[in-house]
Every structure is written in C-alpha cells, then in structure tokens.
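Enquirer: Okay, here's the prediction I keep looking at, along with the sequence it came from:
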Amino acid sequence: MLNLSKSKEALELSEKKAKELGIKVTTVVVDEHGTLVAMSRMDGAFYISPKFASMKAYTSALLGLPSGDIAPYTEEGKPYFGLNAAFSNELITLAGGLPIKDGDKVVGGVGVGGSLDVNDDVKCAEEALKAFGKTEVKSVA
C-alpha cells in the first residue's frame, strides 16, 4: 500500500542503489493522481533532476506504464503523437519512471532522475519499488 512511511523507505532504497552505482539522483513518489507523496534529492544531484524525477513519476502513475515505454507511441504518425503538448509538457517519455501497483490497480508512481544514463535511473526506481513489495516490472516495449 502507498503511504508516507513506505514512500520514505522507497527513497532510501533508491538512494542506496544510486550510491552503489556511483551516481546522485532525485527520487519522487506520487499517488495515483500524480500528487507528491515524498521527494528526496541527494547532495550533489543535478539541479534539474527533481523536475525530471517528478515528471517520470507523474507519467507512470497516470498511464500505469514505465515512462520510457511510451516513447515509441509518441513519435510522429503514432497514436500518441503530441501527447506531451496535449498535457502542457507534464508528461515525459524518458526512462526512470515506474508505476506502483496493488494487483492490477495503479496506486502511484516512482520517478528517478539525475544519472547520465537513464538505465541507471531505472535501476534505482526498480529498487524503490521493493518498498511497496514489488520486485518485477513488466515492460510493454
């Protein structure tokens, strides 16, 4: 279940993974509506990383998909072309955002930003999901 205690644990797990990877990140947890529950920016993380992390968490919570998985669908000629513009650039197609689910129901999203390789952001987000009892994320890509 999504609550502040579990969300803080998620931040800690993400940061622990970031330290193992030798990076500094911002981690954000939002509820199913995309509203902030918890955020943490590691000392030395890029100043823009909170924005990226927030957008990734928001995107995953609202769409119920990993943020990077929607990129192929937003290209010109694809069904969701212009999606970012339609939502006033609040959504993002960069990897690093993952939905938090309780069974099949989306209860929130976690987003990580700050690494130079978004695959490292994903690794930190996957680690954060463990706070909610999640160990696997199914990609649609």
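Expert: Thanks, I have the structure now. Because the structure is a prediction, the values reported are computed rather than measured.
Enquirer: Pro72 - how many residues pack around it?
Expert: Residues lying near Pro72 (other CB atoms under 10 Å) number 12. C-beta here means a position set from N, CA and C on the backbone, and glycine is covered the same way.
Enquirer: I'd guessed it sits against Pro79; true?
Expert: No. Contact between Pro72 and Pro79 fails when scored by CB atoms under 8 Å: they sit 10.2 Å apart.
Enquirer: helices or strands next to the longest helix that the chain contains in the packing?
Expert: When the chain is parsed with DSSP state H, its longest helix is helix 4-21. The contact analysis (3 or more CB pairs under 8 Å, 6 or more residues apart in numbering; DSSP states H and E) places helix 4-21 against strand 26-31, strand 36-41, strand 105-113, helix 118-129.
Enquirer: again, 6 Å this time
Expert: strand 26-31, strand 36-41, helix 118-129 (3 or more CB pairs under 6 Å, 6 or more residues apart in numbering; DSSP states H and E).
Enquirer: Of all the ones you listed, which one comes closest to Met55?
Expert: Closest to Met55 of those, according to CB to CB: strand 26-31, at 8.9 Å.
Enquirer: pLDDT averaged over the closest one - what is it?
Expert: The average pLDDT within strand 26-31 is 98.
Enquirer: cool, and stretch 4-22?
Expert: 98.
Enquirer: So which bits of it are buried?
Expert: Neighbour-count burial for stretch 4-22 flags Lys6, Ser7, Glu9, Ala10, Leu11, Leu13, Ser14, Glu15, Lys17, Ala18, Leu21 (criterion: 16 or more other CB atoms under 10 Å).
Enquirer: Equivalent analysis for stretch 63-81, please.
Expert: Leu63, Gly64, Leu65, Pro66, Ser67, Gly68, Asp69, Ile70, Tyr73, Thr74, Tyr80.
Enquirer: same thing with stretch 79-93?
Expert: For stretch 79-93, by 16+ other CB under 10 Å, it's Tyr80, Leu83, Asn84, Leu91, Ile92, Thr93.
Enquirer: Looking at those residues, which two lie furthest apart in space?
Expert: Farthest pair in the buried residues of stretch 79-93, by CB to CB: Tyr80 and Ile92, 12.8 Å.
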